[in-house]
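Asks: Sequence and predicted structure below; questions after.
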Amino acid sequence: MYSEDRVEEFKAEIAALKVRDPATGRDRMWLGVGVALMVIGLLVAVAAYPFSHGTTNPLQQRDAIAMALGGVAAAVVGSAVFLRYSLAAFLRFWLARQSFEMGALTDRVVDAVTGAPGPATGPGTGASDAAGARVGSGLSGTVGGTAKG
């Protein structure tokens, strides 16, 4: 499992990467704008239906069709804005986590090759047992920290 030190190291790594918090700022505002456009667009499109069928005047019917198409366009734009900002928030933290995990993996590989015990390779730190078995079995080119000869 993750230790408190590893969690703090992850937070420090995110701060060093200058990853923005999606809960604040413009991202949250644009996410709300996207939701509002979706809802308003659907309401306008649905409201245009009885307006177009409630009259026999072709000019008013065409106005209602234009209003409905505007509502559908607003709903599509709102969906795109919502999707863009919701995926951006998810992918931003996914990328930060991938970067941190790849750094930790690199540290474990370097420690395994040099034979130096690292903080993530000891027992009870959540390191993979399979990775430790590969290092101990000589698959990494070292046995017990010394090169095979």
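Replies: Right, received. Where do you want to start? Residues are numbered from 1 along each chain as shown.
Asks: Packing partners of the helix or strand hosting residue 93?
Replies: Per DSSP states H and E, residue 93 falls inside helix 58-114. Other helices and strands packing on helix 58-114, by 3 or more C-beta pairs under 8 Å, 6 or more residues apart in numbering; DSSP states H and E, are helix 4-17, helix 26-53, helix 129-137. Just so you know, the C-beta spots here come from the backbone N, C-alpha and C atoms, and that holds for glycine as well.
Asks: With respect to burial, which of those helices scores highest?
Replies: Among the helices and strands packed on helix 58-114, helix 26-53 has the highest mean neighbour count (mean count of other C-beta atoms under 10 Å), at a mean of 15.
Asks: State the mean pLDDT of it.
Replies: Mean pLDDT, computed over helix 26-53, is 92.
Asks: if we can go back for a sec, which among the helices and strands packed on helix 58-114 is found nearest to residue 84?
Replies: Smallest distance to residue 84 across the helices and strands packed on helix 58-114 (C-beta to C-beta): 7.7 Å, for helix 26-53.
Asks: From residue 81, how far off is residue 67?
Replies: Distance, residue 67 to residue 81, by C-beta to C-beta, to the nearest Å: 21 Å.
Asks: Could you export the helices and strands packed on helix 58-114 as a markdown table, including distance to residue 85?
Replies: Listed next are the helices and strands packed on helix 58-114 as a markdown table, based on distance: least, C-beta to C-beta, whole Å:
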| stretch | distance to residue 85 |
| --- | --- |
| helix 4-17 | 19 |
| helix 26-53 | 5 |
| helix 129-137 | 38 |
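Asks: Return the distance of residue 54 relative to residue 46.
Replies: According to C-beta to C-beta, residue 54 and residue 46 sit 14 Å apart.
Asks: If I look at residue 20, what pLDDT would I see?
Replies: For residue 20, the pLDDT comes out at 61.
Asks: and the spatially closest residue to residue 55 that is not a sequence neighbour, how many neighbours?
Replies: Nearest residue to residue 55, sequence neighbours excluded (C-beta to C-beta, 6 or more residues apart in numbering): residue 61, at 6.4 Å. For residue 61, the count of nearby residues is 16 (other C-beta atoms under 10 Å).
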